[in-house]
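**Q** Structure of the sequence below:
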Amino acid sequence: MGLAALVVVASVIAGCGTDSSGDSANGGDRTTIVVTYSVLGSLVSDAVGDNADVVVLIPNGSDPHEWEPSAKDIERLNNADLIVRNGLDLEGGVLDVLNLAQEDGVPTFVASDHITVRLVGEGEGLPTGDPDQEVGAQDPHLWMDPLTLKDAMVALGPVLVAQGIDSWSVLDTNLIDWRLHSTDREAQIYSLTQLRLAVEPAAAESAARFASIHTRARLLPLASEMRRTGEAGLLEEFMEFDIEFHRLLLESCGNELFAALANVVAVVLRGRTELGLMPAQPKPEAISGHEAVVQAVFGGDPDAARTAMQAVLDEVRVAFSDAVPRQRPSA
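**A** Here you go, the predicted structure:
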């Protein structure tokens, strides 16, 4: 999951809740996701954007252990396309209704089913007498640990995809990260590689025309560091320099739409390393290819810059095809 989603988590905990989206769960053609409380609601909203209605069930500031639903809330649950809930009996006052909706066939994602549940330690529980505050009890407060939420949201990704990926914010970096870590990985890699092949050679060509001398000079040490870390097999360091290399080109090419894809490319490059789709040591031709791009951009040669970047991405396409072979999608 990207940093943006974790920032959303922090802001919600600080008091910036997610408003309910109205009565959309009562009908209509749009996909409706009912989420039990605001932290999960913000994360889901961050992924789907304006392409689905996200309804937060429990009002912000209410105790999820005790809040009870109205008849209208129950109707929303029963008409939802998907319910996202915490689990571990956190939503105590609405638990029976949630269970009935699930039994009646409403697709339901229970976040706590997809994490390593933390147990309450000695001296950690509050003296409230609640069972979940006792030493050794399962801690249902998932929002207290952003890393725990990350695990849950990675698992939610395929569930969102199953609702119809064409209706989601497909360039949202969180959704891309989730798809890369899901069974939909092959399709996501194919789509992103095609996007990069269409955009990055043109971005390199434009950077050779329009980038400032300061930006061109910044590329030189990046290429040098990529060679040093690549030849040493330092994949994490290599990845960071590679991300900065592609970000700099996209952001300096003079096209604001290309620049907006810098974070998308960063997620792809990180995913390639995290998923073990990078060789133990980057291929020499990949390192040389990045250096050729730098030399062309620095020298102000647009045609050479486009050709060199095309070669870099052709190597990426072949590497991905070898790692995750798949059939080309039918038209």
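
**Q** So, low pLDDT: which residues of the stretch 101-250 of the chain?
**A** Along the stretch 101-250 of the chain, the parts satisfying pLDDT under 70 run over 120-138, 143-144, 147, 164-169, 183.

**Q** Strands along that one, start to end?
**A** 108-110 (DSSP state E, counting those that start in this stretch).

**Q** hang on, Leu180 packs against Leu269?
**A** No - with contact defined as Cβ atoms under 8 Å, Leu180 does not count as touching Leu269 (10.9 Å). C-beta: built from backbone N, CA, C; applies to glycine.

**Q** so what are the domain limits for the protein?
**A** 3-180, 185-323 (automatic domain parsing).

**Q** got the contact list for Val170?
**A** Residues in contact with Val170, defined by Cβ atoms under 8 Å, 6 or more residues apart in numbering, are 176, 191.

**Q** Show me the helices in the stretch 201-331 of the chain, by range?
**A** 213-231, 235-251, 256-259, 262-274, 284-298, 302-323 (DSSP state H, counting those that start in this stretch).

**Q** So what's the gap between the second one and the chain middle?
**A** When you say that, I think you mean helix 235-251. On the basis of Cα atoms, centre = their mean, to the nearest Å, helix 235-251 sits 18 Å off its chain's mean C-alpha point.

**Q** Name the residues of that helix that are buried.
**A** For helix 235-251, burial by neighbour count (16 or more other Cβ atoms under 10 Å) applies to 235, 238-251.

**Q** again with the fifth one
**A** By neighbour count on 16+ other Cβ under 10 Å, the buried set for helix 284-298 is 286-287, 289-298.

**Q** what does the longest one give?
**A** By neighbour count, with 16+ other Cβ under 10 Å as the criterion, the buried positions of helix 302-323 are 302, 304-313, 316-317, 319-320.

**Q** if we can go back for a sec, quick check: which of the helices of the stretch 201-331 of the chain is nearest to Val97?
**A** helix 262-274 (37.0 Å; Cβ to Cβ).

**Q** which outside residues touch the closest one?
**A** With Cβ under 8 Å, 6+ apart as the contact definition, helix 262-274 has outside contacts at 2, 171, 173, 176-177, 180-181, 192, 195-196, 200, 235-236, 239, 242-243, 246-247, 250-251, 277-278, 320.

**Q** again with stretch 307-320
**A** 189-190, 193, 196-197, 200-201, 203-205, 249, 272, 277, 279, 283, 285-286, 289-290, 292-293, 295-296.

**Q** export the helices of the stretch 201-331 of the chain to a markdown table and tack on distance to Thr32?
**A** Shown next, in a markdown table, are these (distance: least, Cβ to Cβ, whole Å):
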| stretch | distance to Thr32 |
| --- | --- |
| helix 213-231 | 45 |
| helix 235-251 | 35 |
| helix 256-259 | 31 |
| helix 262-274 | 27 |
| helix 284-298 | 45 |
| helix 302-323 | 35 |
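
**Q** Let me know the pLDDT of Ala266.
**A** You'll see Ala266 listed with a pLDDT of 92.
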